[in-house]
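A.B. asks: mind looking at a prediction? Sequence and model below.
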Amino acid sequence: MDRMQRDIRFLKAYAVLATTLCAILLLTGFTGLHGRQTFAEIDVERINIVEADGTLRMVISNQERQHPGIVNGKVIERSSPRPPGMIFFNHLGDEMGGLIFGANGELGHFGSLTWDKVRNDQTIGFRHLEGDDGAYSTGLEMWQQPNIPADVMMARYDSAAAVSDPEGRAQAIRDLQEQGQLTTRRLFFGKGRNDAMLLDMRDVEGRTRIRMSVGPDGTPSLEFLDESGGVVHAVPER
């Protein structure tokens, strides 16, 4: 009987000790999970930055695990991998720009930092594009985006592009452009592949109206153009 009582007391003490140790491990584990951690170095393929409620705000990723992006609440369907970098997401859950980079051919590469219109694509960006031959363009670009979601814009463009008659197709696309329903590049300020420095300013339909440049030989020029692309004034005069 005494031995049985000792065994029972031992088992009780063991159960209390084991329970206490488990509780300590669980508490310290959760504390480490949610508390601040310091690392000297870390290798990771993807990091998701989220709010306390789990809302996604930024993704830092390699190419294989890169987020495809979300526009107008819909995940973007992509036929090829997206470049590595950082993708930003706004309070609506949509992508709002990012910093990406990658290869361009065997020796060339590119880098791009852009910001997007709500529910649509980029409106401003800094880009560098370099080819295998070492020639490159780099500069600031601005785009005009329609005040409609990107998926709606693309659906309208696809419908126009599906017109079988070539002339009718071209006219349908022009109509969308004139109605301000397509993306238009409005400005480029930077260096071209031919080593000229260029400022190209366009109207809402994408037609160049002011072009200022310094050629690779150092020759400066300033041109004002009409709707058809004709030069109406130039400095120096032609």
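C.D. replies: Done, it's in. Residues are numbered from 1 along each chain as shown.

A.B. asks: so residue 189 bridges to which residues?
C.D. replies: residue 140, residue 199 (DSSP bridges).

A.B. asks: that one against residue 140, yeah?
C.D. replies: Yes - using CB atoms under 8 Å, residue 189 makes contact with residue 140 at a distance of 4.8 Å. Just so you know, the C-beta spots here come from the backbone N, C-alpha and C atoms, and that holds for glycine as well.

A.B. asks: how is the protein carved up into domains?
C.D. replies: Following automatic domain parsing, one finds the domains of the chain at 1-38, 40-107, 135-145+183-238, 146-181.

A.B. asks: just confirm residue 158 is within a strand.
C.D. replies: No - Residue 158 is assigned helix when assessed by DSSP: H, G, I helix; E, B strand; the rest coil, not a strand.

A.B. asks: for the residue positioned nearest the centre of the chain, which non-adjacent residue is closest in space?
C.D. replies: Note on the chain: the residue nearest the mean C-alpha position is residue 98, at 3.4 Å, using CA atoms, centre = their mean. Take residue 98 and drop its neighbours on the chain: the residue closest to it by CB to CB, 6 or more residues apart in numbering is residue 87, 4.2 Å away.

A.B. asks: how near is the one you found to residue 145?
C.D. replies: Per CB to CB, to the nearest Å, residue 87 is found 18 Å from residue 145.

A.B. asks: got it, and residue 178?
C.D. replies: 16 Å.

A.B. asks: quick one: which of these two has more around it?
C.D. replies: A count of neighbours by other CB atoms under 10 Å puts residue 145 above the other of residue 178 and residue 145, at 19 against 11.

A.B. asks: check contacts around residue 96.
C.D. replies: Taking CB atoms under 8 Å, 6 or more residues apart in numbering, we find residue 96 in contact with 88, 89, 90, 115, 116, 118.

A.B. asks: surely the first one is within a helix?
C.D. replies: No - counting by three-state DSSP, residue 88 is not found in a helix; it is strand.

A.B. asks: begin at 52 from now on, thanks
C.D. replies: That works, and once the first residue is 52, the last one we named lands at residue 139.

A.B. asks: isn't it up against residue 109?
C.D. replies: Yes - with contact defined as CB under 8 Å, residue 139 reaches residue 109; the gap is 5.4 Å.

A.B. asks: and those two? Which one has more around it.
C.D. replies: Shown here are residue 139 and residue 109; by other CB under 10 Å, residue 139 has more neighbours (18 against 15).
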